[in-house]
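Colleague: coordinates only, sequence not included:
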């Protein structure tokens, strides 16, 4: 660890000229850098990602003692509600955590600043996807903190006890979930709660629509899946409840966190979540090898990539962005640069987050055989072979709520998949696009 820290210090000292500009611009020589993040930095280690954040900020302040990071936790779904009104009156934090699905919303609302001047000498080829996921209207609006994909997470011991293989198709999921369901355990769930705009359902729908041969939006953000591909997807969702009995009415109340909690408690055998939850659930439940993930199942007839292949990997992530009205943008970029250093990204990897840069995998830690290493390498390969990002419209939450509401009706009122698709498109055109 010592030689890695020294290396990190050396790399950061290469930014001496920029740092001198930062201090000069601050006037007093002391900078209070405001930083909004999904997690609260926590040294206790109870939440691996919060611990990685604490460790990273602690090292940053040791290297730059004249910069004090004032970190504030802003929970998921609250960043947009707070930041957009603030920016409207000319105020923003220096550095802000932006979820990729809402990036276009922030660009349109004017909450963040373009980063092209700051990253013009960075090597985009070191990043899995270059700058494409952060580019809107030809400008770069964020630096990836990590990459993640929606995966199927499951209790391996439950499958083994039931004599079941890991599901590879949605038919497999339906059969396995029904068999795994008991009086105290559900076999499978998809979160359709409106609490967080139906995020769990909507994040799942994108790769499944792709796998069925469709697209979510066209270039003008009009819906493109009210067709055979979309019908295939919504019939699958309908069948999970009424043909396989793999899910029940509780999906209406499930969201990301309730699925996480149920998997951790052992009251749910399988669920679809972002990969970033795998390591946390495994640690919190002390499950070891009994908690696993697999790429998203495909359709029984093969899906996009053919029989036996997984569904596409829907790639999403958090960005570090500079607030449009940041008081210390240069100091903010020093923090963003540090948060993407190999030392920091390796700590994040230990917390279960996939580093977005190829060079990070040169760290000796990635040559080990720990379960976290194997997980990350598997996800990296899944993203490399099947990955696909998606730029979402500025009105994503309005669209998501329509999809979740109509999917709930399909499940609770037996609204047909055909009618559900027609209503989603009609409501989207009339209520959102107008």
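Modeller: Thanks, I have it. Treat the numbers as computed from the prediction; the structure is a model and nothing was measured.

Colleague: for the nearest residue to residue 198 once chain neighbours are set aside, what are its contacts?
Modeller: If the residues on either side of it in the chain are set aside, residue 198 comes closest to residue 404, at 2.6 Å by Cβ to Cβ, 6 or more residues apart in numbering. The C-beta positions use only the backbone N, C-alpha and C, and glycine is treated the same way. With contact set as Cβ atoms under 8 Å, 6 or more residues apart in numbering, residue 404 has these partners: 192-194, 197-198, 201-202.

Colleague: So which bits of the helix or strand in which residue 404 is found are buried?
Modeller: If you go by DSSP states H and E, residue 404 is part of helix 396-413. Of the residues in helix 396-413, those scored as buried under the neighbour-count criterion (16 or more other Cβ atoms under 10 Å) are 396-397, 399-404, 406-408, 410-411.

Colleague: what pLDDT does residue 29 get?
Modeller: The predicted local confidence for residue 29 comes out at a pLDDT of 58.

Colleague: any idea how far stretch 30-48 is from the chain center?
Modeller: Going by Cα atoms, centre = their mean, to the nearest Å, the spacing between the C-alpha centre of stretch 30-48 and its chain's C-alpha centre is 19 Å.

Colleague: and it, how far apart are its ends?
Modeller: Chord length of stretch 30-48, first to last residue, is 31 Å (Cα to Cα, to the nearest Å).

Colleague: For it, buried residues please.
Modeller: Under the neighbour-count criterion of 16+ other Cβ under 10 Å, stretch 30-48 has 31, 33-39, 41-42, 47-48 buried.

Colleague: for stretch 55-69, same thing?
Modeller: By neighbour count, and taking 16+ other Cβ under 10 Å as the criterion, the buried residues in stretch 55-69 are 55-57, 59-60, 63-64, 67, 69.

Colleague: do the same with stretch 171-187
Modeller: Taking 16+ other Cβ under 10 Å as the basis for neighbour counts, the residues of stretch 171-187 that come out buried are 171-181, 186-187.

Colleague: Select from the residues you listed every entry located in strands.
Modeller: Where those overlap with strands, as defined by DSSP state E, the overlap consists of 186-187.

Colleague: Any regions of this structure where pLDDT drops low?
Modeller: Scanning the chain for pLDDT under 70 picks out the ranges 1-29, 303-307.

Colleague: can you map out the strands along this protein?
Modeller: Taking DSSP E, the strands of the chain run over residues 31-37, 67-73, 95-99, 112-113, 135-136, 139-140, 143-144, 148-155, 186-189, 268-274, 291-295, 313-316, 318-323, 387-389.

Colleague: Adding distance to residue 129, write these out as TSV.
Modeller: Supplementary listing: the strands of the chain in TSV, determined by distance: least, Cβ to Cβ, whole Å:
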stretch	distance to residue 129
strand 31-37	22
strand 67-73	27
strand 95-99	16
strand 112-113	19
strand 135-136	10
strand 139-140	12
strand 143-144	8
strand 148-155	12
strand 186-189	30
strand 268-274	16
strand 291-295	18
strand 313-316	7
strand 318-323	12
strand 387-389	6
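
Colleague: for these, which one sits closest to residue 240?
Modeller: Closest approach to residue 240 among the strands of the chain (Cβ to Cβ): strand 186-189, 7.3 Å.

Colleague: can you list contacts of the closest one?
Modeller: Under the contact criterion Cβ under 8 Å, 6+ apart, strand 186-189 has outside partners 173, 176-181, 240, 246-248, 250-251, 254, 259, 262, 267-271.

Colleague: Stretch 151-167 now?
Modeller: The set of residues external to stretch 151-167 that reach it, using Cβ under 8 Å, 6+ apart, is 172-173, 176, 179-180, 185, 263, 266, 269-275, 277-278, 281, 287, 289-297, 379, 382.

Colleague: Select only the buried ones of those residues in ChimeraX?
Modeller: Selecting only the buried entries of the contacts of stretch 151-167 in ChimeraX, with 16+ other Cβ under 10 Å as the criterion:
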select :172,173,176,179,180,263,266,269,270,271,272,273,274,275,277,278,281,287,290,291,292,293,294,295,296,297,379,382
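
Colleague: picking up where we left off before, of all the strands of the chain, which one is nearest residue 334?
Modeller: For those, the distance to residue 334 is smallest for strand 67-73, at 7.3 Å, taking Cβ to Cβ.

Colleague: chain center to the closest one: distance?
Modeller: The mean C-alpha position of strand 67-73 is separated from the chain mean by 23 Å, Cα atoms, centre = their mean.

Colleague: which neighbours does it have in its sheet, and in what orientation?
Modeller: strand 31-37 (parallel) (DSSP bridges).

Colleague: and the angle for the strand it pairs with with strand 95-99?
Modeller: For strand 31-37 and strand 95-99, the angle between their directions (axes from the mean of the first three to the mean of the last three Cα atoms, to 10 degrees) works out to 10 degrees.

Colleague: domains for this protein, by residue range?
Modeller: According to the domain assignment given by automatic domain parsing, the chain is divided into the following structural domains: 2-147+317-362, 149-314+394-433.

Colleague: need these in JSON lines with distance to residue 387, can you?
Modeller: As requested, these are arranged in JSON lines below (distance: least, Cβ to Cβ, whole Å):
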{"stretch": "domain 2-147+317-362", "distance to residue 387": "8"}
{"stretch": "domain 149-314+394-433", "distance to residue 387": "4"}
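
Colleague: mind listing what residue 353 touches?
Modeller: The contact partners of residue 353, taken as Cβ under 8 Å, 6+ apart, are 49, 52, 145-146, 148, 276.

Colleague: Out of the residues you listed, which comes closest to residue 318?
Modeller: Where these are concerned, and distances follow Cβ to Cβ, residue 318 has its nearest neighbour in residue 145, at 4.5 Å.

Colleague: Would you confirm that residue 264 contacts residue 281?
Modeller: Yes. The criterion here is Cβ atoms under 8 Å, and residue 264 meets it with residue 281 at 5.1 Å.
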